[in-house]
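A.B. asks: got a predicted structure plus its sequence, pasted below:
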Amino acid sequence: ASQQFRINNLIAPNENDVLYLGRKVTGAGNERLLSLAAQHADWYSNGNSKERRTLIDLIIEEVRKKNGRFLKPDSTGTSLEELPTEEIRVKITQLFRNLKQRSRVSSHKVSAASHSESAETVQLVENVRKEDVLFGRVYDHPGNKGLRKLVEFKSVEYNSSTRGRKKEIADSIVADVKRRGRFLKPTEDGKWAEV
């Protein structure tokens, strides 16, 4: 039997909420969070700490845009409370680590045929431009430096903004990069692919 929780004396949770109630939690909100993380796993694993934090904040905003909340049982265990943003970041970071671990395990089971099929869908880039942002341990590339400067410039406004405004700021940073360059990730054979 599933537990019934109340939040602020109102019926909760809604279908877009992400619930942290134990190890085997399912629901539309949790499935959507897992899907968002899976879609961006390469970005996360190839990004530096600032890029990872930006990605996590974008995912949080995406959940909240659908009126989703991140909920856990309160100290009494009888009602739900929203997690603080920093705790949400920790949870999503762990989700990315879990996905990476699962990917390692499942990659040993992938056949050569399916591997060659997935390689065909990757959009390889002929020439890396100085405006491109490169994922991975690339700190001195001009595009990465430009992204860091842009993030630093917007960080004060971002940190003091509402949820909706934070999403707009993050989207504007991505759009600014895409006006001049691309987001590229390294491939296993030492080339670059567009994200």
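C.D. replies: Happy to help now that I have it. Residues are numbered from 1 along each chain as shown.
A.B. asks: any stretches of the protein with poor pLDDT?
C.D. replies: Low-confidence segments of the chain (pLDDT under 70): 1-12, 23-25, 103-122, 139.
A.B. asks: longest single helix anywhere in it?
C.D. replies: Of all the segments assigned as helix in the chain under DSSP state H, the longest by residue count is helix 85-107.
A.B. asks: helices of this structure, start to end?
C.D. replies: Assignment of helices within the chain using DSSP H yields the ranges 28-39, 41-46, 49-65, 85-107, 112-120, 142-159, 163-180.
A.B. asks: which one of those lies nearest to Asp132?
C.D. replies: Distance to Asp132, taken as CB to CB, is lowest for helix 142-159 among the helices of the chain, at 4.6 Å. Just so you know, the C-beta spots here come from the backbone N, C-alpha and C atoms, and that holds for glycine as well.
A.B. asks: and the closest one, what's buried?
C.D. replies: Going by neighbour count (16 or more other CB atoms under 10 Å), the buried part of helix 142-159 is Gly143, Asn144, Gly146, Leu147, Val151, Lys154, Tyr158.
A.B. asks: packing partners of it?
C.D. replies: Identification of packing neighbours for helix 142-159 by 3 or more CB pairs under 8 Å, 6 or more residues apart in numbering; DSSP states H and E yields helix 49-65, strand 133-134, helix 163-180.
A.B. asks: now with 10 Å, please.
C.D. replies: If you count contacts as 3 or more CB pairs under 10 Å, 6 or more residues apart in numbering; DSSP states H and E, helix 142-159 packs onto helix 49-65, strand 133-134, helix 163-180, strand 183-186.
A.B. asks: what's the most buried one of the ones you listed?
C.D. replies: strand 133-134 (a mean of 23; mean count of other CB atoms under 10 Å).
A.B. asks: what residues does that one touch?
C.D. replies: Residues external to strand 133-134 that are found in contact with it (CB atoms under 10 Å, 6 or more residues apart in numbering): 46-47, 51, 128, 141-148, 174, 177-178, 180-186, 192, 195.
A.B. asks: before we move on, what about stretch 161-171?
C.D. replies: Residues from elsewhere that reach stretch 161-171 (CB under 10 Å, 6+ apart): 54-55, 57-58, 60-62, 64-65, 85, 151, 154-155, 157-160.
A.B. asks: what about 7 Å?
C.D. replies: Residues outside stretch 161-171 that contact it (CB atoms under 7 Å, 6 or more residues apart in numbering): Thr54, Asp57, Leu58, Glu61, Arg64, Lys65, Lys154, Glu157, Tyr158.
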